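J.: structural data only, the sequence is not supplied:
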């Protein structure tokens, strides 16, 4: 939330050299944005119970050691719906968006996991969604697998139904077992009927269990090297992700479902040092310096305010199998006649890596519990009550880290606050993953977390072509409307989402010619769709600076009728010469203007789409409406229109007649007598032979 801006320009200080003066002037002349910084804070008593009655005066906040004046204060106590009230319509208060809602990422690890662990992970995730998620919570889904690496399946969203569906489906193709199964001869593929097929030459058991013989074979085949390679790739990927999460405000709680990286990769076993100690948490090093890299990853997550709640699903599955009266939960034990069997068994488990990750990031480790309910309730207890403290800062685009410390004057309080935040940095310093998340944030989020963007008006119009439903997406992309969003390298992305927020259409383009945006240019794309309700979006981003523009519009395509009249939403035009039309999805050899004119017949040299607001002196608005007549010969159509001024409610019937040519109905609306404000245009039609009726509407704004 931006409160304004301030440009500081000071006179040179006497007694400095010319070079010193130039350096100071260059630093002070930078534009400094005064921004409201929001910090999330959790406060508990010594027993871990949330304290929810603190006031603004109870808090003291320091930013880089300086006490700040807390100007904004919010208290949030999330009440989870009871079993009786679940599914009921939400209250107005429950629907109200929070300035800083809770954020969760459900993180499924498929590399250091097995079939049983994945099964329990999905069960625990579903329970958490069903019982602990507040309507305002934003939830995303991440996964890591040996073949695909780190994947962002769903960005932060309040569409919890979609999140649950993704949890149900996730893992069908990502189940690749532990990292050691990367060995080429040990790759498994899912067969029909849920059975596994194994390529010729695979050694070891044909189940998710890795027994002693298989481990021995893996060691002989270079399994250690494969484990180490995957562990290094895992830590590198999560470290990069953490850097991208820095710029999303507030806490990003990561619920990790994994069995952990085996202890032998990062910790010397006691049997190697002093067997009588019977311990495994002794510091050790290897040629890859695995432990140091893992700890660096943890520090990056902590700096990004992303505590990890590490759930060891191996322990969950073990208890589940024991509860079912089966013995597979003993899959990690060795023969009891082997020396130091307990130590060696623990050496293959990931308890230490998971518990250290949770501790170092400020989260919590959950081990050996068969209760998804207890885990969900404990995470809810830790995150459900929090405060938001706001204070103004002079924000610079230098990427520097600010350390934040929050204290409470009341006795017996434990404070858990964000450790700090990063100033924004230049877009050209972003990593590839950061740029990807930045684009996803613009394209998918109704309230982007990683910056403010230009609002881009657009028109989305359905029509029918050769018995197929199509949609025209068009917008104005002139330099005057986009400003410094356009540059030497500009990206344009068209997206269409169905009612379940699935991406059903996407086209992406890179524009490397700045002249593309010179003049009155209208890029457009045509997407084949089907009957239903859609949200269409266009995203423009300067690939060098990250500045962007986002346009969004709702589209409804009715089902095809076997007979009768069907009207389609109209294209509104304004008189304007020298408009330029560019089809981003067509053949380069096609005439862009002719292609558009084939859909809506109009003089492209004299008119341009009415996208955004107009002034009264524009003269007129031209309305072009496509219509279809299924199984009607010599159709006779009666049309009428009504214009309604939103503010006054005044209704203005359109007296002039429609004209019809080449399947297009047209109407002209004079603008000289229109008052400023928003107008709704309603168009009604009736086919006189079949008495079928159809109606559509549009709107425009007069300044």
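T.: Ah, there it is. Everything quoted here is computed from the prediction, not taken from an experiment.
J.: wait, residue 653 touches residue 640, no?
T.: Yes: the pair residue 653 and residue 640 qualifies as a contact (Cβ atoms under 8 Å) at a distance of 7.4 Å. Yep, even glycine has a C-beta here, placed from its N, CA and C like the rest.
J.: looking at the two, which is more packed in?
T.: Neighbour tally, residue 653 and residue 640, criterion other Cβ atoms under 10 Å: the higher count belongs to residue 640, 15 against 8.
J.: can you read off the backbone torsions of the more buried one?
T.: phi -150, psi 160 (degrees, to the nearest 10).
J.: same question, residue 459
T.: phi -120, psi 130.
J.: okay, buried residues for whichever helix in the chain runs longest please.
T.: In the chain, assigned by DSSP state H, the helix with the most residues is helix 223-245. Within helix 223-245, the residues that count as buried by 16 or more other Cβ atoms under 10 Å are 223-224, 226-228, 230-235, 237-245.
J.: same question for stretch 679-697.
T.: In stretch 679-697, counting by 16+ other Cβ under 10 Å, buried: 679, 681, 682, 683, 685, 686, 687, 690, 692, 694, 696.
J.: between the residues you listed, which sits nearest residue 265?
T.: Of all the buried residues of stretch 679-697, residue 265 sits closest to residue 696, with 63.3 Å by Cβ to Cβ.
J.: please, which helix or strand holds the closest one?
T.: Assessed by DSSP states H and E, residue 696 sits inside strand 693-702.
J.: for that strand, packing partners?
T.: strand 564-567, strand 613-614, strand 620-630, strand 677-687 (3 or more Cβ pairs under 8 Å, 6 or more residues apart in numbering; DSSP states H and E).
J.: of all the ones you listed, which lies closest to residue 136?
T.: strand 677-687 (29.5 Å).
J.: ok, residues contacting that closest one?
T.: 564-565, 567, 570, 572, 623, 625, 627, 629, 632, 635-648, 669, 692-702 (Cβ atoms under 8 Å, 6 or more residues apart in numbering).
J.: need the three-state assignment for residue 403.
T.: strand (DSSP: H, G, I helix; E, B strand; the rest coil).
J.: run a quick neighbour tally on the nearest residue to it once chain neighbours are set aside.
T.: The spatially closest residue to residue 403, leaving aside those adjacent along the chain, is residue 420, at 4.6 Å (Cβ to Cβ, 6 or more residues apart in numbering). Other residues lying near residue 420 total 18 when counted by other Cβ under 10 Å.
J.: these two touch, right, residue 420 and residue 401?
T.: Yes: taking Cβ under 8 Å as the definition, residue 420 is a contact partner of residue 401 at 5.7 Å.
J.: tell me how far residue 695 lies from residue 490.
T.: 39 Å (Cβ to Cβ, to the nearest Å).
J.: swap in residue 357?
T.: 40 Å.
J.: more neighbours: which of these two?
T.: residue 357 (28 against 24).
J.: for the one helix or strand that one maps to, the distance to its chain's centre please.
T.: Take DSSP H and E as the rule and residue 357 turns out to sit in helix 351-361. Distance of helix 351-361 from the chain centroid (Cα atoms, centre = their mean, to the nearest Å) equals 26 Å.
J.: can you name the next helix or strand after that helix?
T.: Criterion used, DSSP H and E; the element after helix 351-361 is strand 364-366.
J.: in that next one, which residues are buried?
T.: 364, 365, 366.
J.: name the next helix or strand downstream of it, please.
T.: helix 372-383.
J.: what's that following helix packed up against?
T.: Using 3+ Cβ pairs under 8 Å, 6+ apart, helix 372-383 sits against helix 115-132, strand 253-258, strand 308-312, strand 364-366.
J.: deepest of those, which one?
T.: Neighbour counts (mean count of other Cβ atoms under 10 Å) averaged over each of these peak at strand 308-312, with a mean of 27.
J.: list the contacts of that strand.
T.: Outside strand 308-312, the residues that reach it (Cβ under 8 Å, 6+ apart) are 121, 124, 253-260, 301, 350-351, 354-355, 357-358, 361, 363-368, 375, 379, 382.
J.: quick one, that strand and helix 115-132 angle?
T.: Calculated by axes from the mean of the first three to the mean of the last three Cα atoms, to 10 degrees, strand 308-312 forms an angle of 130 degrees with helix 115-132.
J.: strand 308-312: how far from the chain's middle?
T.: For strand 308-312, the distance to the chain centre is 22 Å (Cα atoms, centre = their mean).
J.: strand partners of that strand, parallel vs antiparallel please.
T.: strand 253-258 (parallel), strand 364-366 (parallel) (DSSP bridges).
J.: looking at those, which is nearest to residue 431?
T.: strand 253-258 (18.7 Å).
J.: check whether the closest residue to residue 523 other than its chain neighbours sits in a helix, strand or coil.
T.: In space, residue 523 comes closest to residue 582 once its chain neighbours are excluded; the distance is 4.8 Å by Cβ to Cβ, 6+ apart. What three-state DSSP gives for residue 582 is strand.
J.: residue 582: neighbour count?
T.: 20.
J.: and what of residue 515?
T.: 8.
J.: any regions of the stretch 51-200 of the chain where pLDDT drops low?
T.: Applying pLDDT under 70 to the stretch 51-200 of the chain flags residues 79-98, 171-200.
J.: repeat the analysis, applying 50 as the threshold.
T.: Confidence mapping of the stretch 51-200 of the chain against pLDDT under 50 gives the ranges 83-88, 90, 92-95, 173-200.
J.: any idea where the strands of it begin and end?
T.: 59-63, 66-67, 72-77, 103-109, 138-145, 149-157, 189-190, 196-197 (DSSP state E, counting those that start in this stretch).
J.: hey, which of those strands is tucked in deepest?
T.: It is strand 103-109: most buried of the strands of the stretch 51-200 of the chain by mean count of other Cβ under 10 Å, with a mean of 25.
J.: run the chain-centre distance for that one.
T.: Using Cα atoms, centre = their mean, the distance between the centre of strand 103-109 and that of its chain works out at 12 Å.
J.: sheet-wise, list the partners of that strand with their directions.
T.: strand 138-145 (parallel), strand 253-258 (parallel).
J.: ok, and what's touching the last one?
T.: Spelled out, that is strand 253-258. By Cβ under 8 Å, 6+ apart, strand 253-258 touches 102-109, 112-113, 117-118, 120-121, 124-125, 128, 142, 301, 306-313, 350, 354, 357, 361, 363, 379, 383.
J.: next: the first one.
T.: Contact with strand 138-145 is made by 101-111, 129, 133, 150-158, 160, 163, 166-167, 170-171, 174, 176, 234, 237-238, 241, 254, as judged by Cβ under 8 Å, 6+ apart.
J.: against residue 431, how distant is residue 241?
T.: Residue 241 is 10 Å from residue 431, by Cβ to Cβ.
J.: for residue 513, same thing?
T.: Taken as Cβ to Cβ, the span from residue 513 to residue 431 is 27 Å.
J.: now residue 349
T.: 32 Å.
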